[in-house]
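Q: sequence-free structure coming up:
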């Protein structure tokens, strides 16, 4: 049975768009849930390049239509699923890579233009390589950062080894692990990461308070229900405490413990950045403090210094923010904005601006509208391209 010509054109225009759309969504999901158009660039480029090999040599207009449809469907999905417009440069890069791949592949079939085809494909590959976010590089000026913690941030089963969050912090700070808070004054550090420390003496708590009041910046992670994995026995002193032991210090600063949220939650801040929390303590903020995210994050002015308190220490566990533990410096595999937020809370800077697939309902809604767009685009293209081809044949 002969397939009607219009149906053939419609399927040729629609199926590559759908294949690129679903393959890009799978890549985005596996790489941490970022709504980044670059996740769709490789699938779209491959589909258009394949169609360039399958279609007749005189159907270059069809390639342009397919490329624009694949890019448009991906951008609609990103915009709706993230509730934010995609990054303009990434959007342009997606369309450019797709077109270059299509015409480069088509050039390989045309005698005398094969070198041009190879060049276009090489340019598409270069943009795919350098276009997306690049690994975080160290900055020249790295102020001292003191770290007081019972968490395994500087060792693992094999011995001394930095946790992924520490590897990132070393690109912005000179990290100094401290065992005794009374050494803070002599350390020269003006920033402190106090993450689920062991029980402290009154003198040690006073030393931290005095250091902050003297102008220090502290990020305090106080977890009431630590879920950080550990193979150590419960009685082993090296094991981090399962609940925060610095309540008196936090109350002294004006942060009073309130409700406990046991579930793991994805929290979107007002600026769109994402952090994943697990077993979180919320706080009531005193006069010198301001609460955010329902009290899970509290900012306090303490003398001349400032404190950012988060009621969860698991947020820096790489299981909650990193899709590929082997690549902590690569923002493309982050599953949350945790590293950038931690650096900012400590007074540093780190590139951010990522868009995220917000939840399942948003992804389904975005996918639905992307499919509607792809179908309409293919229908319109079927009518236009059929008319153009009829005119050419006449």
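A: That came through fine. Just so it is clear, the model here is predicted, and its values are computed rather than measured. Numbers count the residues shown, from 1 in each chain.
Q: Determine the longest helix present in the protein.
A: In the chain, with assignment by DSSP state H, the single longest helix is helix 360-393.
Q: Worst mean pLDDT across the helices and strands of this structure, which element?
A: The weakest-scoring helix or strand in the chain, judged by mean pLDDT, DSSP states H and E, is strand 159-160 (a mean of 72).
Q: which residues of the protein fall in helices?
A: Under DSSP H, the chain gives helices at 5-30, 38-54, 60-82, 88-107, 114-130, 164-169, 184-187, 202-213, 247-253, 338-345, 360-393.
Q: what's the fifth one packed up against?
A: Pointing back at helix 114-130 there. If contacts are counted by 3 or more Cβ pairs under 8 Å, 6 or more residues apart in numbering; DSSP states H and E, helix 114-130 sits against helix 38-54, helix 88-107. Just so you know, the C-beta spots here come from the backbone N, C-alpha and C atoms, and that holds for glycine as well.
Q: Could you tell me which residues within the shortest one count as buried?
A: In other words, helix 38-54. By 16 or more other Cβ atoms under 10 Å, the buried positions in helix 38-54 come out as 38-49, 51-52.
Q: and which of the residues you listed is nearest residue 259?
A: Set against residue 259, the nearest of the buried residues of helix 38-54 by Cβ to Cβ is residue 39 (36.9 Å).
Q: Skipping its backbone neighbours, what lies nearest that closest one in space?
A: Spatially, and ignoring its direct neighbours in sequence, residue 39 is nearest to residue 28 (4.1 Å; Cβ to Cβ, 6 or more residues apart in numbering).
Q: Tell me if I'm right that the one you found and residue 36 touch.
A: Yes. Using Cβ atoms under 8 Å, residue 28 is in contact with residue 36, at 6.7 Å.
Q: And the two? Which one has more around it.
A: Using other Cβ atoms under 10 Å as the criterion, residue 28 and residue 36 rank with residue 36 on top: 28 against 24.
Q: Against residue 232, how distant is that one?
A: Taking Cβ to Cβ, to the nearest Å as the measure, residue 36 falls 38 Å from residue 232.
Q: now do residue 335
A: In this structure, residue 335 and residue 232 are 26 Å apart, going by Cβ to Cβ.
Q: The two: who's more crowded?
A: Applying other Cβ under 10 Å to residue 335 and residue 232 shows that residue 335 carries more neighbours, namely 20 against 11.
Q: So what does that one look like in phi/psi?
A: Backbone geometry at residue 335, expressed as degrees, to the nearest 10, gives phi -110, psi 0.
Q: quick one, what contacts the spatially closest residue to it that is not a sequence neighbour?
A: Spatial nearest neighbour of residue 335, chain neighbours left out: residue 32 (3.6 Å); criterion: Cβ to Cβ, 6+ apart. Residues in contact with residue 32 (Cβ atoms under 8 Å, 6 or more residues apart in numbering) are 322-323, 332-336.
Q: Kindly provide the distance from residue 32 to residue 332.
A: As judged by Cβ to Cβ, residue 32 and residue 332 stand 8 Å apart.
Q: Over to residue 75?
A: Note on residue 75: its distance to residue 332, by Cβ to Cβ, is 18 Å.
Q: and the two? which has more neighbours close in?
A: residue 75 (21 against 18).
Q: confidence score at that one?
A: Note for residue 75: predicted pLDDT of 98.
Q: What of residue 2?
A: pLDDT, residue 2: 49.
Q: now swap in residue 82 and tell me
A: For residue 82, the model assigns a pLDDT of 95.
Q: So what's the residue count around residue 91?
A: Residue 91, neighbours per other Cβ under 10 Å, totals 19.
Q: Contact partners for it?
A: Counting by Cβ under 8 Å, 6+ apart, residue 91 has contacts 37, 71, 75.
Q: Closest to residue 102 out of those?
A: Relative to residue 102, the closest of those is residue 71; by Cβ to Cβ it sits at 11.2 Å.
Q: Quick one: residues contacting that closest one.
A: Counting by Cβ under 8 Å, 6+ apart, residue 71 has contacts 37, 40, 44, 91, 94-95, 98.
Q: Now with 7 Å, please.
A: 44, 94-95, 98 (Cβ atoms under 7 Å, 6 or more residues apart in numbering).
Q: ok, and the closest non-adjacent residue to it?
A: The shortest distance from residue 71 to any non-neighbouring residue, by Cβ to Cβ, 6+ apart, is to residue 95 (4.3 Å).
Q: on that earlier part again, any chance of the helices and strands packed on helix 114-130 in a markdown table with distance to residue 315 and mean pLDDT as columns?
A: Below are the helices and strands packed on helix 114-130 laid out as a markdown table (distance: least, Cβ to Cβ, whole Å; pLDDT from 0 to 100):
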| stretch | distance to residue 315 | mean pLDDT |
| --- | --- | --- |
| helix 38-54 | 24 | 95 |
| helix 88-107 | 27 | 95 |
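Q: Using CSV, please lay out those together with distance to residue 147.
A: As requested, the helices and strands packed on helix 114-130 are arranged in CSV below (distance: least, Cβ to Cβ, whole Å):
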stretch, distance to residue 147
helix 38-54, 33
helix 88-107, 35
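Q: Nearest approach to residue 316 belongs to which of those?
A: Residue 316 lies closest to helix 38-54 among those, at 25.2 Å (Cβ to Cβ).
Q: tilt between that closest one and helix 114-130?
A: Between the axes of helix 38-54 and helix 114-130, defined by axes from the mean of the first three to the mean of the last three Cα atoms, to 10 degrees, the angle is 160 degrees.
Q: remind me which residues of this structure are low pLDDT?
A: Applying pLDDT under 70 to the chain picks out residues 1-4, 57-58, 157-159, 233-236, 388-394.
Q: what residue lies at the spatial centre of it?
A: residue 334 (4.1 Å; Cα atoms, centre = their mean).
Q: what distance separates the lengthiest strand in the chain from the middle of the whole chain?
A: Secondary structure of the chain read by DSSP state E shows that its longest strand is strand 255-268. Averaging C-alpha positions (Cα atoms, centre = their mean, to the nearest Å) puts strand 255-268 21 Å from its chain's average.
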